[in-house]
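> 3D, please:
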Amino acid sequence: ARPVDLAVSHAGVEWSNGVAARFGGGPAGLTEIEVDGVALLESGPVLSLFRAPTDNDGIRPMEGMPTPAGRWRRWGLDRLEPEVVSTRARMRQGAPVVDHVVRWHGLDGLVFEHRRRVSITPAGAITFDETLDVPERCDDLPRVGAAFVMPAAFDRIEWYGRGPHESYPDRARGAHLGRFASTVAEQYVPYVRPQEHGHHTDTRWATLTDGVRGLLVTAAQPFGFSALGHSVAALDAAEHDVDLVPDGFVHLHVDAHMRGLGTASCGPDTLPQYLVRGRRFTWSWSLAAFDARRDDPAVLARRLRAT
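The predicted model follows:
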């Protein structure tokens with residue numbers, strides 16, 4: 001199976017047919033992906049460091065110590081403000097390469113510098129090479145990854161990783177490795193108090209399709225993902241499950257790192273090996289559009305990883 005041909009426009013340069021990817025300002029760098037005039041992205045992908053706190057995230061590990069969720073809010077991870085430092089595009093071997101630098105400003109003087117290189121591979125994928133500098137005092141992050149929004153029509157999910165139910169780094173053994181199919185609606189876990197859910201660890205590739213057009217996510221290293229009908233902000237703001245209403249979009253997270261859940265409600269917090277501590281993070285991942293009627297995403301993913 002072959003991915004559809006790639007056409008890219010930046011600063012008035014266009015070539016080929018099929019998929020159009022457009023680059024510009026803003027915190028994402030990549031602004032659009034279209035297939036035959038149909039948009040696959042509503043927004044993003046942008047840096048994602050926050051998750052809607054779980055019940056465990058809101059419990060103090062020891063008397064007098066802040067909760068994990070309390071630290072995240074004190075650092076401003078739930079309200080980061082982007083400052084676009086630079087966007088530089090050039091042509092390399094007939095394809096564009098875009099270098100994008102964004103400083104994300106939190107609270108208490110914290111700055112997270114995110115450098116992203118977006119490039120087009122010979123196999124027709126859009127590859128993101130990411131570097132993120134996190135201050136060492138942020139010693140317990142909820143996640144490190146990217147988040148973007150897709151139209152609601154792309155509600156059919158398939159992946160190769162752990163499933164079929166949700167899994168997290170410290171709650172993965174009960175989810176076996178395999179190829180699974182689901183829908184965005186089926187990913188919802190009805191916790192009485194809305195919170196982080198629907199994550200899948202050890203993923204090799206994942207797709208979202210509308211039955212005709214599809215978007216494939218893959219990476220050289222196993223990653224985590226979730227595809228939900230609610231944003232992190234909506235999950236965080238809701239007091240009860242009845243307060244949640246799907247907003248008409250698909251909220252996709254692609255995570256290089258995810259904090260464990262721990263057992264703080266009835267035992268110890270997340271073990272040290274499942275914490276995400278501040279440092280320099282580097283990771284790479286790719287997107288590719290494909291024809292959901294004829295292409296096998298497993299074959300396409302292997303082909304993209306080989307290039």
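> C-alpha from now on. contacts and neighbour counts both.
OK.
> how near is the closest residue to Asp99 other than its chain neighbours to Thr87?
Residue nearest to Asp99 in three dimensions, not counting chain neighbours: Arg117, with 4.5 Å by C-alpha to C-alpha, 6 or more residues apart in numbering. In this view, Arg117 and Thr87 are 10 Å apart by C-alpha to C-alpha, to the nearest Å.
> Can you check which residues contact both of the two?
Counting by C-alpha atoms under 8 Å, 6 or more residues apart in numbering, the contacts common to Arg117 and Thr87 are Val98, Asp99, His100.
> Nearest to Asp296 among those?
Nearest to Asp296 out of the shared contacts of Arg117 and Thr87 is Val98 (C-alpha to C-alpha; 29.1 Å).
> beta partners for that closest one?
On the basis of DSSP bridges, Val98 is bridged to Ala89, Val118.
> Over to the one 4 residues further on?
When bridges are taken as DSSP bridges, the partners of Val102 come out as Val84, His114.
> Three-state assignment for Leu304, please.
helix (DSSP: H, G, I helix; E, B strand; the rest coil).
> Below-threshold pLDDT in the stretch 101-250 of the chain: ranges please.
Residues of the stretch 101-250 of the chain meeting the criterion pLDDT under 70: none.
> can you pull out the strands in it?
Ranges of strands in the stretch 101-250 of the chain, per DSSP state E, counting those that start in this stretch, are 111-120, 126-133, 143-151, 156-163, 176-183, 200-209, 213-228, 249-258.
> Same list, those, but as CSV with mean neighbour count and distance to Arg74 please.
Conversion of the strands of the stretch 101-250 of the chain to CSV gives the following (neighbours: other C-alpha atoms under 10 Å; distance: least, C-alpha to C-alpha, whole Å):
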stretch, mean neighbour count, distance to Arg74
strand 111-120, 21, 13
strand 126-133, 19, 18
strand 143-151, 21, 16
strand 156-163, 22, 33
strand 176-183, 15, 35
strand 200-209, 25, 28
strand 213-228, 23, 25
strand 249-258, 24, 19
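> Switch the ones you listed over to JSON lines; also include distance to Asp55.
Shown next, in JSON lines, are those (distance: least, C-alpha to C-alpha, whole Å):
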{"stretch": "strand 111-120", "distance to Asp55": "27"}
{"stretch": "strand 126-133", "distance to Asp55": "28"}
{"stretch": "strand 143-151", "distance to Asp55": "16"}
{"stretch": "strand 156-163", "distance to Asp55": "22"}
{"stretch": "strand 176-183", "distance to Asp55": "25"}
{"stretch": "strand 200-209", "distance to Asp55": "19"}
{"stretch": "strand 213-228", "distance to Asp55": "19"}
{"stretch": "strand 249-258", "distance to Asp55": "16"}
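> circling back to that earlier point, what's the separation between the residue nearest to Asp99 and Glu81?
Going from Arg117 to Glu81 by C-alpha to C-alpha gives 20 Å.
> cool, and Arg116?
17 Å.
> can you check Thr207 too?
When Thr207 is compared with Glu81 (using C-alpha to C-alpha), they lie 29 Å apart.
> Between the two ends of stretch 43-57, what distance do you get?
OK, stretch 43-57 end separation, C-alpha to C-alpha: 28 Å.
> got it, and stretch 74-82?
Terminal-residue distance, stretch 74-82 (C-alpha to C-alpha): 17 Å.
> close enough to count as contact, Pro68 and Cys138?
No - between Pro68 and Cys138 there is no contact under C-alpha atoms under 8 Å: 10.8 Å.
> Between the two, which has more neighbouring residues?
Pro68 (21 against 15; other C-alpha atoms under 10 Å).
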